[in-house]
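Participant: after the sequence you'll find the predicted model.
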Amino acid sequence: MSRKSPSLVLASLAVLALACFALALSTGSVALDLGSIARALLGFGDETQQAIVRELRLPRAIAAFATGGALALAGALLQVLLKNPLADPYVVGVSGGAAVGALVAILLAVTPWLVPFGAFSGAIISTAIVFGLARGRGAWSPTRLLLTGVVVAAGWGAIVALILSLAPETQLRGMLFWLIGDLSAPPLTWTPLLVVVLSLALALFFARDFNALSRGEMLAAAVGVDIARLPWLLFALSALLTAIAVTVAGAIGFVGLIVPQAVRLVLGNDQRVVLPASTLGGGVLLLVADTLAREIAAPAQLPVGVITAIIGVPLFLVLLAREKTR
């Protein structure tokens with residue numbers, strides 16, 4: 001299939017992101033037009049509208065966009081690291097560790113702000129375990145890292161099932177919502193967005209090296225790429241991004257899998273384009289999914305992970321079929 005202009009696609013994604021932000025800010029139990037939204041963001045107009053936009057809808061929209069961007073960027077980086085287009089941020093067990101950390105904090109009934117801390121701690125611990133076991137006493141390989149991540153993720157899944165079986169009824173619903181993926185009360189807003197921006201900037205600095213590494217370690221070494229240290233950077237960045245995403249919104253699937261796949265089908269494999277396009281595309285996807293989660297069963301709110309799964313499963317099958325025909 002013919003490749004689209006990278007500049008045109010990136011510009012289109014940026015415009016689409018702004019449109020999705022406008023949709024998210026205008027949609028809800030109180031509908032607002034663009035003029036009211038602009039006045040509220042600038043601190044003018046009705047105080048109730050200002051509170052709705054600046055205190056309720058804008059933080060949630062920013063958290064959704066940052067979470068989606070983080071997952072998609074982590075997926076793109078992992079697919080370079082593992083040389084596997086079907087790699088996903090959760091395949092290395094990071095989300096499982098984060099889930100256990102958060103559920104333990106909820107089960108112990110600690111203060112609410114310790115729940116994201118528990119999730120982040122679990123993600124970092126899982127990252128250390130996976131990479132340590134994959135490396136062992138010798139060099140690690142993408143296959144060994146992938147298999148280790150799958151086994152560790154299965155272990156975390158067993159612990160999650162144990163915690164849910166021991167949890168009291170009063171806490172079980174909140175735990176299940178968190179496991180599915182929920183943005184109804186994101187604990188962080190601007191911090192995830194800052195992490196995504198800085199991670200993308202660092203990844204773009206090494207994008208040429210990533211391109212070489214994706215073509216094989218021998219070729220990468222021949223052109224001067226540090227093949228011993230670069231995989232550590234890829235894994236650390238992807239783990240950090242996944243950890244911050246899980247900390248903010250819980251375990252949301254498919255974003256890190258389908259968005260980089262779709263971007264590569266349209267734009268090719270140049271990481272200088274794939275990385276920013278994946279970040280924008282992931283942010284747009286999760287922002288739209290969260291808006292749908294708020295509106296489909298209003299006034300009740302669905303877990304956003306349900307919407308991403310409904311969108312992600314058929315889209316992944318379509319992408320897989322197109323990849324096969326190519």
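Facilitator: Okay, I see it. Numbering: from 1, shown residues only.
Participant: contacts, neighbours, all on C-alpha from now
Facilitator: OK.
Participant: in the worst-scoring helix or strand of the chain on mean pLDDT, what's buried?
Facilitator: The weakest-scoring helix or strand in the chain, judged by mean pLDDT, DSSP states H and E, is helix 217-222 (a mean of 76). Judged by neighbour count (16 or more other Cα atoms under 10 Å), helix 217-222 contains these buried residues: residue 220.
Participant: so what does it touch, helix or strand wise?
Facilitator: helix 207-214 (3 or more Cα pairs under 8 Å, 6 or more residues apart in numbering; DSSP states H and E).
Participant: ok, then the element right after the least confident helix or strand of the chain?
Facilitator: Next along the chain after helix 217-222, taking DSSP states H and E as the criterion, comes helix 230-249.
Participant: and the contacts of that following helix?
Facilitator: 63-64, 66-68, 70-71, 73-75, 77-78, 81, 89-90, 94-95, 98-99, 116-117, 119-120, 123-124, 127, 178, 181-183, 186-188, 192, 195-196, 199, 252 (Cα atoms under 8 Å, 6 or more residues apart in numbering).
Participant: residue contacts, the spatially most central residue of the chain?
Facilitator: For the chain, the residue nearest the mean C-alpha position is residue 71 (1.9 Å; Cα atoms, centre = their mean). Residues in contact with residue 71 (Cα under 8 Å, 6+ apart) are 89, 241, 242, 245, 255, 256, 282.
Participant: please repeat the previous calculation with a cut-off of 10 Å.
Facilitator: By Cα atoms under 10 Å, 6 or more residues apart in numbering, the contact set of residue 71 is 77, 88-90, 196, 238-239, 241-246, 252-257, 259-260, 278-279, 282-283, 286.
Participant: ditto for residue 197
Facilitator: 66, 69, 70, 191, 203, 276, 279.
Participant: tell me which of those residues fall in helices.
Facilitator: Secondary structure defined by DSSP state H assigns 66, 69, 70, 191, 203, 276, 279 of the contacts of residue 197 to helices.
Participant: buried subset of the residues you listed as a ChimeraX selection?
Facilitator: Applied in ChimeraX, the following selects the buried portion of those according to 16+ other Cα under 10 Å:
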select :66,69,70,203,276,279
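Participant: which one among the ones in helices among the contacts of residue 197 gets closest to residue 296?
Facilitator: residue 66 (22.3 Å; Cα to Cα).
Participant: surely that closest one meets residue 199?
Facilitator: No: in this structure, residue 66 is not within contact of residue 199 by Cα atoms under 10 Å, at 11.7 Å.
Participant: which residues are in contact with each of those two?
Facilitator: Joint contacts of residue 66 and residue 199 (Cα under 10 Å, 6+ apart) are 193, 241.
Participant: how near is residue 27 to residue 61?
Facilitator: Going from residue 27 to residue 61 by Cα to Cα, to the nearest Å gives 11 Å.
Participant: actually residue 25, not the one I wrote
Facilitator: For residue 25, the distance to residue 61 - Cα to Cα - is 8 Å.
Participant: and the two? Which one has more around it.
Facilitator: residue 61 (27 against 24; other Cα atoms under 10 Å).
Participant: quick check: the residue nearest to residue 107 when sequence neighbours are not counted vs residue 161, distance?
Facilitator: Distances taken as Cα to Cα, 6 or more residues apart in numbering put residue 167 closest to residue 107, at 6.5 Å, once the chain neighbours are dropped. To residue 161, residue 167 is 10 Å away according to Cα to Cα.
Participant: just residue 86 next, same as before
Facilitator: 26 Å.
Participant: looking at those two, which has the bigger crowd around it?
Facilitator: residue 86 (18 against 12).
Participant: hang on, that one packs against residue 259?
Facilitator: No: the pair residue 86 and residue 259 does not pass the contact test of Cα under 10 Å, sitting 11.0 Å apart.
Participant: list the residues that contact both of those two?
Facilitator: Common neighbours of residue 86 and residue 259 (Cα under 10 Å, 6+ apart) are 75, 76, 316.
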